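Engineer: Dropping the sequence and predicted coords here.
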Amino acid sequence: MAPTRTTTSTRPRTRTTTLAALLLASLSFAPTASATPADASPARNPHCAGLARVAVPGAAHQRADCLEELTTAGTVGSGHTDPADWAGLTPKGLATPSGVPGIQIDGYFPDSSTTNTNHGWNHDAQFVIRLPDRWNGDLVVAGTPGNREQYANDRAIADWVLSRGYAYAATDKGNTGLAFHRDGDRPGEAIAEWNTRMT
């Protein structure tokens, strides 16, 4: 008798996988001349042979990089995360998985607020998408806590899911400053924007 896979989820797995596949299928790939990190050799990471530039639908700006390591074991050193963004959110002794090569896309969607200074962009509605080489077909979208930015869950969530083959996406929700509640013309518009950005 073959072993069976059990799940406690109440939502159909096929719908979740289909939605993730549709989202990732909407990203288009075209060659780019972007530089790759020195340790990202074509022999070790197939994306490095012809680094793909990902066209994220609706993005005002984006940048794709081929990385030898998508977890914080590599992104801290390569500058593809911001440790200050996730400081204090995880236990000091939390294990850091490694061995996850793939593509990271950073960018932002159109927005009028400018509190997120990552990458020197001074532009809110920033996002990060990580696509592991050994993708399992599913996608995890993390909600950034409070007024933190898109890298806030890199240690608590991204490291764990990437090491298990999931693609990962996060956004700063469109307004990150301490006065985020003043964004917009009417009370509650900032929170409504968070919902829209996450959706």
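Structural biologist: Happy to help now that I have it. Numbering: from 1, shown residues only.

Engineer: show me where pLDDT drops low in this structure?
Structural biologist: 1-54 (pLDDT under 70).

Engineer: which residues in it form strands?
Structural biologist: Here the chain has its strands, by DSSP state E, at 28-31, 52-55, 61-67, 102-108, 126-132, 139-142, 167-171.

Engineer: can you list these in CSV and add mean neighbour count and distance to residue 182?
Structural biologist: No exception for glycine: its C-beta is placed from N, CA and C like everyone else's. Below are the strands of the chain laid out as CSV (neighbours: other C-beta atoms under 10 Å; distance: least, C-beta to C-beta, whole Å):
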stretch, mean neighbour count, distance to residue 182
strand 28-31, 11, 37
strand 52-55, 18, 33
strand 61-67, 20, 25
strand 102-108, 22, 20
strand 126-132, 24, 19
strand 139-142, 18, 25
strand 167-171, 24, 20
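
Engineer: how about JSON lines for the ones you listed, with distance to residue 91 added?
Structural biologist: Below are these laid out as JSON lines (distance: least, C-beta to C-beta, whole Å):
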{"stretch": "strand 28-31", "distance to residue 91": "37"}
{"stretch": "strand 52-55", "distance to residue 91": "33"}
{"stretch": "strand 61-67", "distance to residue 91": "25"}
{"stretch": "strand 102-108", "distance to residue 91": "25"}
{"stretch": "strand 126-132", "distance to residue 91": "22"}
{"stretch": "strand 139-142", "distance to residue 91": "18"}
{"stretch": "strand 167-171", "distance to residue 91": "20"}
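
Engineer: out of those, which comes closest to residue 90?
Structural biologist: Residue 90 lies closest, by C-beta to C-beta, to one member of the strands of the chain: strand 139-142, at 13.1 Å.

Engineer: partners of the closest one in the sheet?
Structural biologist: strand 167-171 (parallel) (DSSP bridges).

Engineer: How about residue 62, nearest residue that isn't a chain neighbour?
Structural biologist: residue 107 (3.1 Å; C-beta to C-beta, 6 or more residues apart in numbering).

Engineer: ok, that neighbour - contacts?
Structural biologist: Counting by C-beta atoms under 8 Å, 6 or more residues apart in numbering, residue 107 touches 56, 59, 60, 61, 62, 63, 126, 127.

Engineer: The fifth one against residue 55, yeah?
Structural biologist: Meaning residue 62. Yes: at 7.5 Å, residue 62 counts as touching residue 55 under the criterion of C-beta atoms under 8 Å.
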